[in-house]
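1. I need the structure of the sequence given here:
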Amino acid sequence: MENVQYLKTMCPACDGSIEFPADALGQPVECPHCHKAIVLGSVAARAQPPKIPSVLRQQPAALNQMNVNQKLLTGAALLAFLVSVCNASWEVISFGYDGNISNRILMISPIWQEPHSPYSGAASVECHLLWSPLLSVWIAIGVLYTGLFFLLKNTPSILEWIRKKYRGL
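-> I've put the predicted structure just below:
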């Protein structure tokens with residue numbers, strides 16, 4: 001009995017796995033998955049990588065790396081946090097000369113800068129950063145980020161899905 005060596009490759013049209021005898025390299029064949037004509041020699045460069053022992057494949061550093069979806073989520077969460085910091089709610093209170101509150105409004109200003117008072121004739125003006133809405137937004141961002149981060153851990157990349165979906169266009 002003859003020992004035949006087999007090669008594995010991927011179809012360039014549908015990414016279907018194709019196993020073939022090594023002596024068929026360069027032969028035109030029909031893909032068993034999408035039925036398009038391919039030449040086995042043209043896809044040999046995309047052959048599956050050599051087998052790596054499982055001990056080397058399961059390195060802790062590789063398992064803890066973020067995938068593309070998680071990186072996109074991290075960027076979106078950071079952007080949401082920065083927007084909340086730059087658009088913080090402030091309560092501006094103006095007092096009349098008798099000490100009573102004459103006006104009270106909400107203004108939006110960065111967290112590090114008190115808003116400028118629109119009341120020029122007031123005896124005094126106080127600005128208070130409204131922490132409760134700001135902290136609520138930060139908690140919501142943190143909870144959503146944490147939940148989605150772990151949900152996206154083992155999902156295929158959004159970019160891979162788009163690439164496969166629009167490959168034929």
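
2. helix/strand/coil for the residue at the greatest distance from the centre of the chain?
-> Distance from the C-alpha centroid of the chain, by C-alpha atoms, centre = their mean, peaks at D98 (55.3 Å). Look at D98: counting by DSSP: H, G, I helix; E, B strand; the rest coil, its state is coil.

3. need the pLDDT of it.
-> D98 carries a pLDDT value of 82.

4. next one: the residue positioned nearest the centre of the chain from F149, what distance?
-> With distances taken as C-alpha atoms, centre = their mean, L72 lies nearest the centre of the chain, 1.9 Å away. Going from L72 to F149 by C-beta to C-beta, to the nearest Å gives 11 Å. C-beta coordinates here come from the backbone N, C-alpha and C atoms, glycine included.

5. what is the longest helix along the chain packed up against?
-> The longest helix of the chain (DSSP state H) is helix 131-151. Contact here means 3 or more C-beta pairs under 8 Å, 6 or more residues apart in numbering; DSSP states H and E; on that basis helix 131-151 packs against helix 68-86, strand 88-95.

6. please identify the most buried of the ones you listed.
-> strand 88-95 (a mean of 18; mean count of other C-beta atoms under 10 Å).

7. many thanks, have a good one.
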